[in-house]
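J.: Everything below, folded, please.
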Amino acid sequence: MESFISKNRLVLGIIAGVLLGGAVGSFFPEFGAGTQIIGELFLNALKMVVLPLIIVSVTLSIMKVGNLGSLGLKTIAYYAVTTAIAVSIGIAVVTMVQPGDGSEMLKGTMPEVVKSKEGFKVTDILRQISTPNLFESAYEFQILPIIIASLLFGIAFGKLNKERQLVLDLFESMDKAIMKVVHWIIALTPIGIFGLIAGKIGEAGGGDEVLRLAMQLGKYVFCVLLGLLIQGFVILPLLLRALSGRNPVTYFKDLSESLLTAFSTASSSATLPLTITNVTENAKVSPKISKFVLPLGATVNMDGTALYESVAVIFIAQSYGIHLGGGELVVVFLTATLAAIGAAGIPEAGLVTMVLVLQAVGLPIEGVGMILAIDWFLDRFRTTINVWGDSIGAAVIEKLEPDENTA
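T.: Okay, the predicted model is just below:
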C-alpha cells in the first residue's frame, strides 16, 4: 500500500484537488470563487514555460531526428485523420439524437471576443502559419508561428558543420534546465487544480447551478459527451493498439497525471509540460519523437474541439429550426476540421473558431450565446480528449518512424 501511494502520489494529489475543489465550490461558492487566484497563479506558471519548452524541444528534436520530411508528414497526416474521424463522429451523433428543438428558448450573453470575430475567414487561420514578428506572436501566445520558426531553425542548425555540436550541446543543456523547472511546477499541481475547480464552480454559483444548466442543455451535453466518449475510449485506443502495439489501459495510466491536469486547466498548451514528462518518463516514448510530436499536436491536433464544434454548430441550426442538407454538412465537416487546427491550446478558443464554421453555413453567430452557459464545463472534457489524442499520436509516430526504430 505504501509503495502504491509513493508511486502514485501526484495522481492521488490531483484527484484529491479535483474532489476537494468541487466540494468547496459547490457548498461554499463565495469562498471557492476566492480561491481562483491560486488556480490562476498555477496556470500562469505552466504557461510561462510553454514557449521556451516548445522552442527548445522542437528545435532539438529536429536537430536529432534529422528527417523532418518523413516525421513531419506522418505526424500531420495522422493528426488530420484523427481530427476528421472526430468531426464525423460529432456530425453522426448530433444528427441522430437531434438535441435542438427549434424553440430558441436558451439565450446567453455574447462575449466581445466572439462578436469581434464576425467576418472571420479561413485565410485568418492560414495567416498564422508565418509571422512578421516572432516576439509579438510570443506575446499573444500564438503557438503555430513559433513552431514553424523552431522547425526552420532546427533544420538550419542540423545542417551546420563544426558548429552543429556546439549548438546541440547548448540546446540539450537548456532542455534539461527547462524540464527541471517543469518538475518544480508539477509538484504544485494538486494545489493549483484545487483553486481552478473551486474557483470555477464558485463563480458559476455552486454545484446546484452547474447541474441546473446541464439539465437545461441536457441533450446537447449528452451529444458532446457521447461523441467524446466514442473518440476517446473507442477510436483512439483502437488506433493505439493497432498502430503502436501498446496496451491502451497501461498507456492511459501512464498519462493519468496529464489527463487529470488537462481536465482541470482546460488548456492543452498549459498541460504540455506535464504531457511531455508523462509520455517520455512514464510511457517511455523516445524524447526525440515526443518533443516534436506533442508540441505540434497541442497546436494542430484538436480531436475534442473539432468534434465539439461540429455538434455545437448543428445543434444551433436545429435550435433555430434550420435544416442543414448534405452539402452543408460537408461544409461543416471541412470547416470544423480546419477551425480546430487553428484553435490555440487555450481555454474556450473553440468558441472563437466556431464563428468560422457558423458563417460557412450561413448561421447567425448569436447562436453561440445559447451554449455559453455550459461551455466552460464541456471545455474540460474536450481538452482532455485533445491531450489524450496528442499523447497517442506520439506513441503511434514512434512506431511508424523507421529512423527512430533503428536508432
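J.: only C-alpha atoms for contact and neighbour calcs from this point on.
T.: Fine.
J.: May I have the phi/psi pair for Ile371?
T.: With angles defined as degrees, to the nearest 10, Ile371 sits at phi -110, psi 0.
J.: and it, how far is that from Val221?
T.: As judged by Cα to Cα, to the nearest Å, Ile371 and Val221 stand 10 Å apart.
J.: With Leu19 instead?
T.: From Leu19 across to Val221, the span is 21 Å (Cα to Cα).
J.: Also Glu140?
T.: Separation of Glu140 from Val221 (Cα to Cα) stands at 31 Å.
J.: Those two: which is more packed in?
T.: A count of neighbours by other Cα atoms under 10 Å puts Val221 above the other of Glu140 and Val221, at 23 against 9.
J.: Pull out the buried residues from the helix or strand that contains that one.
T.: Taking DSSP states H and E as the criterion, Val221 maps to helix 218-230. For helix 218-230, the neighbour count (16 or more other Cα atoms under 10 Å) marks 219-229 as buried.
J.: what's the answer for stretch 381-393, then?
T.: Buried, per 16+ other Cα under 10 Å, within stretch 381-393: 381-393.
J.: what's the model's confidence in it, averaged?
T.: Averaged over stretch 381-393, pLDDT sits at 94.
J.: From the chain's centroid, how far away is that stretch?
T.: 6 Å (Cα atoms, centre = their mean, to the nearest Å).
J.: and it, C-alpha only, in PDB?
T.: As requested, the backbone C-alpha atoms of stretch 381-393 are provided in PDB (Å, rounded to 0.1, in the frame of the first residue of the first chain):
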ATOM      1  CA  PHE A 381     -13.800  17.200 -21.400                       C
ATOM      2  CA  ARG A 382     -12.800  18.100 -24.900                       C
ATOM      3  CA  THR A 383      -9.400  19.400 -23.800                       C
ATOM      4  CA  THR A 384      -8.800  16.000 -22.100                       C
ATOM      5  CA  ILE A 385      -9.500  14.300 -25.400                       C
ATOM      6  CA  ASN A 386      -7.200  16.700 -27.200                       C
ATOM      7  CA  VAL A 387      -4.300  15.800 -24.900                       C
ATOM      8  CA  TRP A 388      -5.200  12.100 -25.000                       C
ATOM      9  CA  GLY A 389      -5.100  12.200 -28.800                       C
ATOM     10  CA  ASP A 390      -1.800  14.100 -28.800                       C
ATOM     11  CA  SER A 391      -0.300  11.500 -26.500                       C
ATOM     12  CA  ILE A 392      -1.400   8.600 -28.500                       C
ATOM     13  CA  GLY A 393       0.000  10.300 -31.600                       C
END
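J.: Quickly note the distance from the closest residue in space to Leu274 that isn't next to it in sequence to Ala45.
T.: Nearest non-adjacent residue to Leu274, counting by Cα to Cα, 6 or more residues apart in numbering: Ser258, 5.6 Å away. Counting by Cα to Cα, the gap from Ser258 to Ala45 is 15 Å.
J.: ok, now Ile37?
T.: The spacing between Ile37 and Ala45, counted by Cα to Cα, is 12 Å.
J.: same check, this time on Leu166
T.: Between Leu166 and Ala45 the distance is 30 Å, computed by Cα to Cα.
J.: again with Ile89
T.: 35 Å.
J.: Lys162: how many residues sit nearby?
T.: Close neighbours of Lys162, defined as other Cα under 10 Å, add up to 8.
J.: phi, psi of it?
T.: Taking degrees, to the nearest 10 as the convention, Lys162 sits at phi -70, psi -20.
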